[in-house]
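1. what's the 3D shape of this:
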Amino acid sequence: MNIRVSGAQIPVVANIDSNVKAIERAIEYAVSEKSDILLTPEGSLSGYTHKFDVSSFKKALEYITEKAKRSKLGLALGTCFVESDEKCYNQIRFYTPDGGYLGFHSKILTCGSMEDPPQGEINHYAVQPLRTYNFNGICIGGLICNDLWANPSCTPIPDPHLTQQLSKMGAKIIFHAVNGGRNGGEWSDVAWHYHESNLRMRANAGKIWIVTVDNCYPTDLQCSAPSGIINPQGNWVCQTDSKGEQFFSYTIDI
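-> Residues are numbered from 1 along each chain as shown. Down below sits the predicted model:
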């Protein structure tokens, strides 16, 4: 069994209209590659914020999901979303090629300072339990940014090793949406190597495929983490340039 996946290293900004245009470019690329599913970065539609215009967002979500449905393209869409419980979740929303909504993964290892009590996004987003999804007969899972690497400088809760958990739950592929901070300095480079090593080591440890994409804004700086696909042996099978808008496609043989 195989699945053709596309990933989009695109700019994620506070303006929803700009984000829609970037996701449209990604959809057009994925369709041209005859892909089954497209992964976008963390917060790619709403922006990486819990403070977004809900009305504008709902229109944008309907537009993007309908465009993907018409193109028979599945989505692993990174975005923030206010659910019916009126709580905001940092999500990957999964859709089948016929537009069916499978559900969402919410970021579990939300970032926070190491103070007591911690400050940061840990106070702004609700969390749901880890789960898997059946995409065209393949068991898949989602993780968002710090979910995978549990950065010790901004993770005030213990690392539950979510890649290992998903592997034990039967997932064959993890779709990993990233939106990491960086400034081009020494510690941005340290973080890049930490992220890259974690991606490879955790794929190998769980014997699981990882598809990962980062936000590329600002486009003149190296991203916080590499974008591409890692096989269950922990090796890159495709990887983009580390700066600017980049797309990739690859057929994964399960």
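2. Not counting sequence-adjacent ones, nearest residue to F247?
-> Y29 (4.5 Å; C-beta to C-beta, 6 or more residues apart in numbering). C-beta coordinates here come from the backbone N, C-alpha and C atoms, glycine included.
3. Please look at the one you found and E245 and confirm they touch.
-> No. The criterion here is C-beta atoms under 8 Å, and Y29 misses it with E245 at 10.0 Å.
4. Can you pull the residues that touch both of those two?
-> By the contact definition C-beta atoms under 8 Å, 6 or more residues apart in numbering, Y29 and E245 are jointly contacted by A8.
5. Tell me how far the residue nearest to F247 lies from H50.
-> Note on Y29: its distance to H50, by C-beta to C-beta, to the nearest Å, is 29 Å.
6. The closest residue to I208 other than its chain neighbours: neighbour count?
-> Sequence neighbours aside, S167 is the residue nearest to I208 in space, at 4.9 Å (criterion: C-beta to C-beta, 6+ apart). Here the number of neighbours of S167 (other C-beta atoms under 10 Å) works out to 20.
7. residue contacts, S167?
-> So S167 contacts 206-208 (C-beta under 8 Å, 6+ apart).
8. Turn those into a markdown table, including secondary structure, distance to Y89 and neighbour count.
-> Putting those into a markdown table (DSSP: H, G, I helix; E, B strand; the rest coil; distance: C-beta to C-beta, whole Å; neighbours: other C-beta atoms under 10 Å) gives the following:
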| residue | secondary structure | distance to Y89 | neighbour count |
| --- | --- | --- | --- |
| G206 | helix | 24 | 21 |
| K207 | coil | 29 | 12 |
| I208 | coil | 24 | 22 |
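9. Considering these, which is situated nearest to M1?
-> I208 (15.2 Å; C-beta to C-beta).
10. my guess is that closest one contacts I174, does it?
-> Yes. The pair I208 and I174 qualifies as a contact (C-beta under 8 Å) at a distance of 5.9 Å.
11. what sits in contact with each of the two?
-> Common neighbours of I208 and I174 (C-beta under 8 Å, 6+ apart) are 163, 166.
12. where's L77 relative to L109, distance?
-> Distance from L77 to L109, by C-beta to C-beta: 20 Å.
13. meant to ask about I144
-> 8 Å.
14. excluding its backbone neighbours, what's nearest P156?
-> That would be P118: by C-beta to C-beta, 6+ apart, it lies 4.2 Å from P156.
15. burial of that neighbour, as a residue count?
-> 17.
16. what's the answer for A8, then?
-> Counted with other C-beta under 10 Å, A8 comes out at 25.
17. what sits opposite it in the beta ladder?
-> With DSSP bridges as the criterion, A8 is bridged to F247.
18. Quick one: residues contacting it.
-> Here A8 is in contact with 22-23, 25-26, 29-30, 38-41, 44, 213, 245-247 (C-beta under 8 Å, 6+ apart).
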